[in-house]
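Q: What shape does this take:
(chains A and B)
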Amino acid sequence: MEPDSKQVRRSSKDGWIFFLSGFIGALIVGWIVFPALLYSKKNQPLNFSHASHGPESSAGLECKECHSFHEDGSFSGVPGIAKCMECHEDPESPLGEDPEEVKLLTDYIKPGKEIPWLIYSRQPDCVYFPHIAHVTMAQTECRVCHGDFAARKTPPVYKVNRLTGYSIDIWGRNIAGYKKNTWDRMKMDDCAQCHRQKGKENNNACFVCHK
Amino acid sequence: MKKEDRTQGTRYGMVIDLDTCTGCGVCSVACASENNVSVLYDESDKTRNITWMQLYMVTNGKGFPETEVVCIPRPCMQCDNPPCVPVCPSTATRKDPNTRIVSQIYTRCIGCRYCMAACPYQARSFNWFDPSFPEGMDRYLSPEVSPRMRGVVEKCSFCHHRLMRARAKAYADGRRDLKEDEYIPACVEACPTKAITFGDLNNPKHRVSELVKGPDAFRLLERLGTEPKAYYKSTKGWVRRMADNYLSGEFKGRG
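A: Model prediction:
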């Protein structure tokens, strides 16, 4: 028996609709739903404003005054509460008007408790990164890797991969891995790319950054 | 591939004086604790346990009173022609062009153990189990060395993290050059009889560059052409003869 030509055409159109809806659905799940589920969101314990401490502000601090080097060349990273207390010494009298500062004074400085900061740029255990080689010797600005933190009024939301435990800033905030600025990603390829551009090809030897 | 000029740049190497070595094994212990080497539930299982600095004991095979015993500590030889490097299918091991130290990247290793088969010195060990440490010892782990997971190969790195530490200190002082004693591996520092000397073989100011030229200096399995950078020194002829597979009458060394 000959098949009805109209019937065949209609069923192929139905097939396309079925395929496209499934395809678009899969894309939405893959690009939006899954990444949203994959990364857990956390806020920093304190809404620290780099802008009101940085070089443009009344405090007028340079990055290295809080994020300093130790005598042996190792990097102190995020400063401890003792550093905050160099200026915020009296828990009873805040220096500014921000309610976050009151929180700092009552919750952390008064009991002498460290602030449990969440670190955006924490690298995996197998990675060695000497800040001093990049900042002091190669004269790289902090923002080249970390972005314009000095101008930020609020810290970004800390997102951590539920499977690997790494911060999203290592992979990059763009889930497709698309990179516009040097500070958008912190993967091995980004380190290697910068070394190549600066003519430091030999610093891409494995043991230079791995331990 | 461009041929490497070995007289240029830094070539870290060590000289182990077997006449001074007492075979106490402190180098081996210092190495293991420095580099977070995992401790097996049964360390007597010598097919599975891990040592970066192995101690071999050799004798001249003669009866009393001519018996002589010598201990040969064996780190990774850090060969200039490392047989382990070209065989690695995942490029987990490479020779650093700056320091000539052979690197091993655990996160890249797929555990095929081809490098272990290629290494004539058996300097490489395989992690049959996830790292474990006796209770309390985990608090002494070094954050400078990444622990190895089950299924990867590990080996001596000439304490590469100590080189990075020394470099950071030099940068803090505004220097790029390291002094001779600023970077030494843990075994060299721990040796109570100072039998191990460490330094840059290409730097005429470093003691190792003189020591390797002496008549008593030799390397293990030298004729394989692996060009190890770990040298030995012994005035005893039978020890030097034992370091390679000589036919009878072939060894022409003195002593």
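
Q: what about the most centrally placed residue in chain A, helix or strand, and which?
A: Among the residues of chain A, the one closest to the centroid is residue A:169, at 3.3 Å (CA atoms, centre = their mean). Element membership for residue A:169 (DSSP states H and E) is helix A:168-171.

Q: could you give me the average pLDDT of that helix?
A: Across helix A:168-171, pLDDT averages out at 91.

Q: can I see the domain layout of chain A?
A: A:5-39, A:43-78+A:117-209 (automatic domain parsing).

Q: Identify the residues contacting residue 123.
A: By default, I'm working from chain A. A:129, A:170, A:186 (CB atoms under 8 Å, 6 or more residues apart in numbering or on different chains). Bear in mind the C-beta positions are built from the backbone N, C-alpha and C, glycine included.

Q: oops, I was thinking of chain B
A: If you count contacts by CB under 8 Å, 6+ apart, residue B:123 has them with B:52, B:54, B:74-77, B:155-156.

Q: Where among the domains of chain A is average confidence lowest?
A: Among these, domain A:5-39 scores lowest, with a mean of 86.

Q: centre of the chain versus it, how much separation?
A: In terms of CA atoms, centre = their mean, to the nearest Å, the gap separating the centre of domain A:5-39 from the centre of its chain is 34 Å.

Q: Quick check: residues of the stretch 51-200 of chain B near chain A?
A: B:94, B:96-99, B:101, B:103, B:105-108, B:144-147, B:157, B:160-161, B:164-165, B:167-172, B:176 (CB under 8 Å from any CB of the partner chain).

Q: What subset of those is buried?
A: When those are checked for burial by 16 or more other CB atoms under 10 Å in any protein chain shown, the buried set is B:94, B:96, B:99, B:101, B:103, B:105-106, B:108, B:144-147, B:157, B:160-161, B:164-165, B:167-172.

Q: Keep only those of those that are in helices.
A: Counting by DSSP state H, the part of these found in helices is B:160-161, B:164-165, B:167-172.

Q: Save those residues as TSV, and put in pLDDT too.
A: Listed next are these as TSV, based on pLDDT from 0 to 100:
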residue	pLDDT
B:160	95
B:161	95
B:164	95
B:165	95
B:167	94
B:168	95
B:169	95
B:170	95
B:171	94
B:172	94
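
Q: quick one: which of the contacts of residue B:123 is nearest to residue B:214?
A: Ranked by distance to residue B:214 (CB to CB), the contacts of residue B:123 are led by residue B:77 at 18.6 Å.

Q: residues in contact with the residue nearest to the closest one when sequence neighbours are not counted?
A: Spatial nearest neighbour of residue B:77, excluding adjacent residues (CB to CB, 6 or more residues apart in numbering or on different chains): residue B:228 at 3.4 Å. By CB under 8 Å, 6+ apart, the residues touching residue B:228 are B:77-80, B:121, B:219-220, B:222.

Q: What helix or strand is the residue of chain A found nearest chain B located in?
A: As assessed by CB to the nearest CB, chain B sits closest to residue A:73 within chain A, at 3.3 Å. Using DSSP H and E, residue A:73 sits within no helix or strand.

Q: how many other residues sit next to it?
A: A count of neighbours around residue A:73, defined by other CB atoms under 10 Å in any protein chain shown, yields 21.

Q: Residue A:135 is in contact with that one, correct?
A: No. Using CB atoms under 8 Å, residue A:73 is not in contact with residue A:135; the gap is 10.7 Å.

Q: picking that back up, for the residue nearest to the centre of chain A, which non-adjacent residue is spatially closest?
A: In space, residue A:169 is closest to residue A:120, 4.4 Å off (CB to CB, 6+ apart).

Q: any idea which element the residue nearest to residue B:160 when sequence neighbours are not counted lies in?
A: Take residue B:160 and drop its neighbours on the chain: the residue closest to it by CB to CB, 6+ apart is residue A:207, 5.1 Å away. Secondary structure from DSSP H and E places residue A:207 in helix A:206-209.

Q: Please list all residues in contact with residue 118.
A: The chain I'm using is chain A. Residue A:118 neighbours (CB under 8 Å, 6+ apart): A:42, A:44-45, A:158, A:160, A:167.

Q: looking at chain B here, not the other one
A: Taking CB under 8 Å, 6+ apart, one finds B:83-84, B:87 in contact with residue B:118.

Q: got the CA coordinates for the longest helix along chain A in CSV?
A: Longest helix in chain A, counting residues (DSSP H): helix A:5-28. What follows is helix A:5-28, C-alpha atoms only, in CSV (Å, rounded to 0.1, in the frame of the first residue of the first chain):
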residue,chain,number,x,y,z
SER,A,5,2.2,11.7,1.4
LYS,A,6,0.5,14.3,3.7
GLN,A,7,0.8,12.0,6.7
VAL,A,8,4.5,11.5,6.1
ARG,A,9,5.2,15.3,5.9
ARG,A,10,3.2,16.0,9.1
SER,A,11,5.0,13.3,11.1
SER,A,12,8.5,14.6,10.0
LYS,A,13,7.5,18.1,11.2
ASP,A,14,6.5,16.7,14.5
GLY,A,15,9.8,15.0,14.7
TRP,A,16,11.6,18.3,14.2
ILE,A,17,9.7,19.9,17.0
PHE,A,18,10.3,17.0,19.2
PHE,A,19,14.0,17.1,18.4
LEU,A,20,14.4,20.9,18.9
SER,A,21,12.5,21.0,22.1
GLY,A,22,14.7,18.2,23.5
PHE,A,23,17.8,19.8,22.1
ILE,A,24,17.1,23.2,23.6
GLY,A,25,16.0,21.6,26.8
ALA,A,26,19.3,19.7,27.0
LEU,A,27,21.2,23.0,26.3
ILE,A,28,19.4,24.8,29.1
